[in-house]
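Colleague: I'll drop the sequence and a predicted model, then ask my questions.
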Amino acid sequence: MKPLSSEVYNLGDECRKQIAATAPGFLNQLKGLTVVDITGIDTSRTRVVATLIHGNEPSGFIASHLWLLSGQVPTTNVRILFCNPEAAQQKPIFTRRYIGDCEDLNRYFGDIKQPDETVTLRANLIKREIAAVKPEAIIDLHNTSGLSPAFGVSAVDCPGVRELTGLFAPMQIYTDIRVGALMEQVFDAPIVTIECGGANEIMSHQVATDGLKTYFTLENLFERQRDVSIHRHPIRMELTGDASVGFASHRLLSTDITFIPDIEQFNRQPTPRGEFLGWYHGDDPLPLRAMDHQGVDQINNVLTVEGGRIYTCKPMQMFMATTNQEIATNDCVTYLTI
């Protein structure tokens, strides 16, 4: 298994003539953290894109590859960071979030001490390479862990962030929850995570491709107010203790909680009060927590168990509800606003 390299591989304008014609071919050309610098018409400004922080989220990589192949000259200098190609290169490609026993790279950008030194080093190198060019804007491209429309996520509520999100998606989430993500870092420039939609949806790749082209082309990113709906203070729902979760159309005897197999549908529409979500037949309280931005557990305010069946307590909007068992177990089941 290819380990995380401690090197930074720098490419310039000339690489556009040398990269492979297909996304898998280009991925195989990358040796580790790769920084691509393209000269723009206005060389006094730089716009940054980070992608592939998670190896199973390919839309940003695909969009960046297509743009590099296009030969288009950007309005400003452009710096593209391919953050974790080693994870994406594991077979089958674009299916592994991170490498082997390594931790989630997008939890290592904060000040909280983390256990994996190689991942800490990679996160610090990414921050260094972004800060070095004093960017006027930063976009971090991701895919959602489940089927979902595109949306932006930011730790800062400001017009510049809304303008950046509007290039890609019609919805913005502002969160006070800190998990060590890149978007939480301060670079003296607006930074936003764009969740392009599900990793295997062609529309997600199109969202990334169209948005990236506009991001590189506009003379002024912040000249007009874009129509973006705002959601603030999401709640993060996750398992507690050693609880297990599965997804099926019937109660599973092999897991503590069973959610319905199409729970991802609620990413696309509001969820009403009293909606059936799954099953839990334990004698103890539901082994989930739903932490708000003040660190208060809202689980009893959002879910209830009646006769072994899980229902919503009030209307809500879910974001990133997933049926990916690994992500639901080791990260979170969903985010939501009420």
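Modeller: Looks like it arrived, so ask away.

Colleague: Secondary structure element holding the closest residue to R251 other than its chain neighbours?
Modeller: If the residues on either side of it in the chain are set aside, R251 comes closest to W279, at 4.0 Å by CB to CB, 6 or more residues apart in numbering. Heads up, the C-betas are built off the backbone N, CA and C, glycines and all. Per DSSP states H and E: W279 is located in strand 276-280.

Colleague: Output that strand as PDB, nothing but the C-alphas.
Modeller: What follows is strand 276-280 as a C-alpha-only set of coordinates in PDB (Å, rounded to 0.1, in the frame of the first residue of the first chain):
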ATOM      1  CA  PHE A 276     -40.400   7.100  10.000                       C
ATOM      2  CA  LEU A 277     -36.700   6.700   9.800                       C
ATOM      3  CA  GLY A 278     -35.900   3.200  11.000                       C
ATOM      4  CA  TRP A 279     -35.800   0.800  14.000                       C
ATOM      5  CA  TYR A 280     -34.200   0.500  17.400                       C
END
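
Colleague: Pairing partners for that strand, with directions?
Modeller: For strand 276-280, the paired strands and their directions (DSSP bridges) read strand 257-259 (antiparallel), strand 309-312 (antiparallel).

Colleague: wait, which of those strands is closest to M171?
Modeller: Using CB to CB as the measure, strand 309-312 is the one of the strands paired with strand 276-280 that comes nearest M171, at 20.5 Å.

Colleague: so after the closest one, what's the next helix or strand?
Modeller: Following strand 309-312 in sequence order, the next helix or strand is strand 317-319 (DSSP H and E).

Colleague: Could you list every helix and strand in contact with that next one?
Modeller: When contacts are defined as 3 or more CB pairs under 8 Å, 6 or more residues apart in numbering; DSSP states H and E, strand 317-319 sits against strand 334-337.

Colleague: State the mean pLDDT of the strand it packs on.
Modeller: Taken as a whole, strand 334-337 has a mean pLDDT of 94.

Colleague: Equivalent analysis for stretch 21-39, please.
Modeller: Along stretch 21-39, the predicted confidence averages to a pLDDT of 97.

Colleague: count of residues packed around the residue nearest to R251?
Modeller: Neighbouring residues of W279 were enumerated by other CB atoms under 10 Å; the total is 21.

Colleague: what are the phi and psi angles of the nearest residue to E7 once chain neighbours are set aside?
Modeller: With sequence-adjacent residues excluded and distances taken as CB to CB, 6+ apart, E7 is closest to G32, at 5.5 Å. The phi and psi values for G32, taken as degrees, to the nearest 10, are phi 170, psi -160.

Colleague: T46 reaches N77, doesn't it?
Modeller: Yes - using CB atoms under 8 Å as the test, T46 is close enough to N77 to be in contact (4.2 Å).
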